[in-house]
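Engineer: quick check, what structure comes out for this input:
(chains A and B)
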Number of protein chains: 2
Amino acid sequence: METVSENRCFGGTQGVYRHSSDACGCDMTFGLFLPPEAAHGEVPVLWYLSGLTCTHENAMTKAAAQGWAAEAGIALVFPDTSPRGEGVANDDAYDLGQGAGFYVNATQDPWAPHFRMWDYIAEELPALLAKEFPIDADRQAITGHSMGGHGALTLAMNLPGRFRSVSAFAPIANPTASDWGRKQLSAYLGDDETQWAKHDSTLLMREKGFDGPVLIDQGASDQFLDLLKPEALSHAMAERRQDGTFRMQKGYDHSYFFVSTFMEEHIAFHAESLYGNI
Amino acid sequence: METVSENRCFGGTQGVYRHSSDACGCDMTFGLFLPPEAAHGEVPVLWYLSGLTCTHENAMTKAAAQGWAAEAGIALVFPDTSPRGEGVANDDAYDLGQGAGFYVNATQDPWAPHFRMWDYIAEELPALLAKEFPIDADRQAITGHSMGGHGALTLAMNLPGRFRSVSAFAPIANPTASDWGRKQLSAYLGDDETQWAKHDSTLLMREKGFDGPVLIDQGASDQFLDLLKPEALSHAMAERRQDGTFRMQKGYDHSYFFVSTFMEEHIAFHAESLYGNI
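Structural biologist: I've put the predicted structure just below:
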């Protein structure tokens, strides 16, 4: 693992690291914020999964998360959204290929050799973090924005016991019923829709829910509401009697101005689960 | 004036606007954050001047200022750092020409026709803000980063009564004695160094100081310490008995990770002067 940069930030360290990924078969870069407490021992970690077109860097510089994480004593990890580099398949569209990994293990050509973001986020990167940094693997939570909200919710529901809490900002909530989803799931997983079900938050919520608290924020003026389909997830949460909160935020759109506005409350929400039950 | 974008943000609005500038002889773009209180009447304003290579956008997306400004009921204005566009002179270097206006009125060719950032920030943009937005021109304060810290300090000291308080993050503190300064001041203002003096915070501090409180934050691990020369300004502040605080922040560098870390305290500092004496 190679250190790309480390900057002092809110008394802690915002680092960027690069490593050779077995899961993705290429070099992968991620951001990691360690709060001041990490100098004295292990700290819990909140995963932040980013949306279409993003790298590890967008949320790291624009989500205004580090100050709240420093105050709460929580590490933040900002993974990339896909494999990258020469030899990695790509597509001219912004919503397929590099920058659009969709948090699945691709089974179809030309994506199958590298696009294994599920294994990368669920297995490889957590193991690397636990090995290299003072991260307490028993205290993890997860959040994300848009495609990353989809990733956070599907990982949380598919890996019971892994995450104590899950939240999302404007998640792609019902991808099997949306053009943000059907296109990518068919490209990466093929046309057998039974293979898609474990990558749809609404279907997972209907089937099993999450064993912990859930917080969803959605901007009411989001320009992508038709693609995100928040009403499907909201319905499924209520129908399942899921421990959770779904908030429709008047006037907010899909941007990081929306994400940063509610970041304080998301981190406080996760801090309660991460520190409430040590 | 044209609206480029408006995003809901911390209950207020982060806007971007474009207008034809008489001072600069080209279109200029600026960001303006209006807090929730602006819906009900005039609010005070904090100017944020940016550094070399920046546009109106950098601080607007990376300084994490809007949340604190919303809480304090203060508008934030993020001007560009130079004239731009076809027909505007430029230089291959990152630290001269477009993105490097240095907050002066150029008198030398090829810069004189457009590089009039002093007049733009001191006269034209304040008049536009007062006309178009619910901004209370009697309650203004100013801050900035690096070259923008230089701009904030020199404007504040040269325009007594305009700003109630001034702060800076890692300002170019003594440009007449630095390669960040001598190069630009000679290019824009010519070789007569008497013309440079009003654009050097340390010289201004020695000569007259500021009639209000001053707050300076400087990272002790800033990679540009030799160019910024904080010790000169610190000495001048103490010698003048300037009402103010100079803080050397251990471990911090020149990045927005440094700026965002201390933004809360800078906005609280300005809020005290802007709201303490209505």
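Engineer: and the one helix or strand A:V45 maps to, which strands flank it?
Structural biologist: Under the criterion DSSP states H and E, the helix or strand holding A:V45 is strand A:43-49. Strands flanking strand A:43-49 in the sheet, each with its direction: strand A:75-79 (parallel), strand A:135-144 (parallel) (DSSP bridges).
Engineer: C-terminal to the last one, what's the next element?
Structural biologist: Downstream of strand A:135-144, the first helix or strand assigned by DSSP H and E is helix A:147-158.
Engineer: so for that following helix, what gets flagged as buried?
Structural biologist: A:147-157 (16 or more other CB atoms under 10 Å in any protein chain shown). C-beta: built from backbone N, CA, C; applies to glycine.
Engineer: picking that back up, now the strand holding A:V45: mean pLDDT?
Structural biologist: Per-residue pLDDT values over strand A:43-49 give a mean of 98.
Engineer: what is the subsequent helix or strand relative to it?
Structural biologist: Secondary structure here is assigned by DSSP H and E; on that basis, the next helix or strand after strand A:43-49 toward the C-terminus is helix A:57-62.
Engineer: just the mean pLDDT for the next helix or strand after that next one, thanks.
Structural biologist: As assigned by DSSP H and E, the chain's next helix or strand after helix A:57-62 is helix A:66-72. Taken as a whole, helix A:66-72 has an average pLDDT of 98.
Engineer: most proximal residue of the stretch 51-200 of chain A with respect to chain B?
Structural biologist: A:A64 (4.1 Å; CB to the nearest CB).
Engineer: so what's the residue count around that residue?
Structural biologist: The burial count assigned to A:A64 is 25, neighbours taken as other CB atoms under 10 Å in any protein chain shown.
Engineer: and the gap between it and B:K62?
Structural biologist: From A:A64 over to B:K62 the distance is 9 Å, taken as CB to CB, to the nearest Å.
Engineer: chain B contacts on chain A?
Structural biologist: For chain A, the residues in contact with chain B (CB under 8 Å from any CB of the partner chain) are A:7-11, A:14, A:61-62, A:64, A:66-67, A:219, A:221, A:251-253, A:255-258, A:260-261, A:264.
Engineer: which of the residues you listed are buried?
Structural biologist: Buried by 16+ other CB under 10 Å: A:7-11, A:14, A:61-62, A:64, A:66-67, A:219, A:252-253, A:255-258, A:260-261, A:264, out of those.
Engineer: among the residues of chain A next to chain B, which are in helices?
Structural biologist: When helices are assigned by DSSP state H, the members of the residues of chain A next to chain B inside them are A:61-62, A:66-67, A:256-258, A:260-261, A:264.
Engineer: in JSON lines, list these along with distance to B:S82.
Structural biologist: Rendered in JSON lines, the data for those read as follows (distance: CB to CB, whole Å):
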{"residue": "A:T61", "distance to B:S82": "22"}
{"residue": "A:K62", "distance to B:S82": "23"}
{"residue": "A:Q66", "distance to B:S82": "30"}
{"residue": "A:G67", "distance to B:S82": "30"}
{"residue": "A:Y256", "distance to B:S82": "25"}
{"residue": "A:F257", "distance to B:S82": "25"}
{"residue": "A:F258", "distance to B:S82": "30"}
{"residue": "A:S260", "distance to B:S82": "27"}
{"residue": "A:T261", "distance to B:S82": "30"}
{"residue": "A:E264", "distance to B:S82": "35"}
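Engineer: so what's the residue nearest to the spatial centre of chain A bridging to?
Structural biologist: Per CA atoms, centre = their mean, the C-alpha nearest to the average position across chain A is that of A:L49, at 2.4 Å. When bridges are assigned using DSSP bridges, the partners listed for A:L49 are A:G144.
Engineer: ok, it to chain B distance?
Structural biologist: Going from A:L49 to chain B by CB to the nearest CB, to the nearest Å gives 20 Å.
Engineer: surely that residue is in contact with A:S146?
Structural biologist: No: taking CB atoms under 8 Å as the definition, A:L49 is not a contact partner of A:S146, at 9.3 Å.
Engineer: residues shared between the contacts of A:A64 and B:K62?
Structural biologist: Taking CB atoms under 8 Å, 6 or more residues apart in numbering or on different chains as the criterion, A:A64 and B:K62 both touch B:S260.
Engineer: mind listing the helices for the stretch 151-278 of chain A?
Structural biologist: Secondary structure of the stretch 151-278 of chain A, counting by DSSP state H, counting those that start in this stretch: helices at A:179-189, A:201-207, A:225-228, A:230-240, A:256-275.
Engineer: I'd like those written out as TSV, with distance to A:P79 and mean pLDDT added.
Structural biologist: Shown next, in TSV, are these (distance: least, CB to CB, whole Å; pLDDT from 0 to 100):
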stretch	distance to A:P79	mean pLDDT
helix A:179-189	17	97
helix A:201-207	18	98
helix A:225-228	21	97
helix A:230-240	23	95
helix A:256-275	16	97
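Engineer: can I get those helices in a markdown table with distance to A:G101?
Structural biologist: Listed next are the helices of the stretch 151-278 of chain A as a markdown table, based on distance: least, CB to CB, whole Å:
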| stretch | distance to A:G101 |
| --- | --- |
| helix A:179-189 | 8 |
| helix A:201-207 | 17 |
| helix A:225-228 | 17 |
| helix A:230-240 | 21 |
| helix A:256-275 | 19 |
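Engineer: among those, which comes closest to A:D95?
Structural biologist: Put simply, out of the helices of the stretch 151-278 of chain A the one that sits nearest A:D95 is helix A:179-189, at 6.8 Å, with distance taken as CB to CB.
Engineer: what's the closest one in contact with?
Structural biologist: Applying CB under 8 Å, 6+ apart, the contact partners of helix A:179-189 are A:52, A:95-96, A:100, A:102, A:104, A:106-108, A:111, A:115, A:147, A:150, A:172, A:174-176, A:193, A:195-196, A:199-200, A:224, A:227-228.
Engineer: now a ChimeraX select for only the buried ones of those residues.
Structural biologist: Selecting only the buried members of those in ChimeraX, with burial defined as 16+ other CB under 10 Å, works like this:
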select /A:52,95,96,100,102,104,106,111,115,147,150,172,174,175,176,196,199,200,224,227,228
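Engineer: find the closest residue to chain B in the stretch 101-250 of chain A.
Structural biologist: Of all residues in the stretch 101-250 of chain A, A:S221 sits closest to chain B, at 6.9 Å by CB to the nearest CB.
Engineer: for that residue, give me the pLDDT.
Structural biologist: 97.
Engineer: follow-up on the earlier one: ok now the strand holding A:V45, how far from the chain's centre?
Structural biologist: Its chain's C-alpha centre and that of strand A:43-49 lie 10 Å apart, by CA atoms, centre = their mean, to the nearest Å.
Engineer: can you list contacts of the helix or strand hosting A:L32?
Structural biologist: Using DSSP H and E, A:L32 maps to strand A:26-34. For strand A:26-34, contacts defined as CB under 8 Å, 6+ apart pick out A:4, A:9, A:12-21, A:43, A:55-57, A:59-60, A:65-66, A:69-70, A:75-80, A:83-85, A:87-88, A:114, A:120, A:125, A:129, A:133-134.
Engineer: just the buried members of those?
Structural biologist: Neighbour-count burial within those applies to A:9, A:12-17, A:21, A:43, A:55-56, A:59-60, A:65-66, A:69-70, A:75-80, A:83-84, A:88, A:114, A:120, A:125, A:129, A:133-134; the criterion is 16+ other CB under 10 Å.
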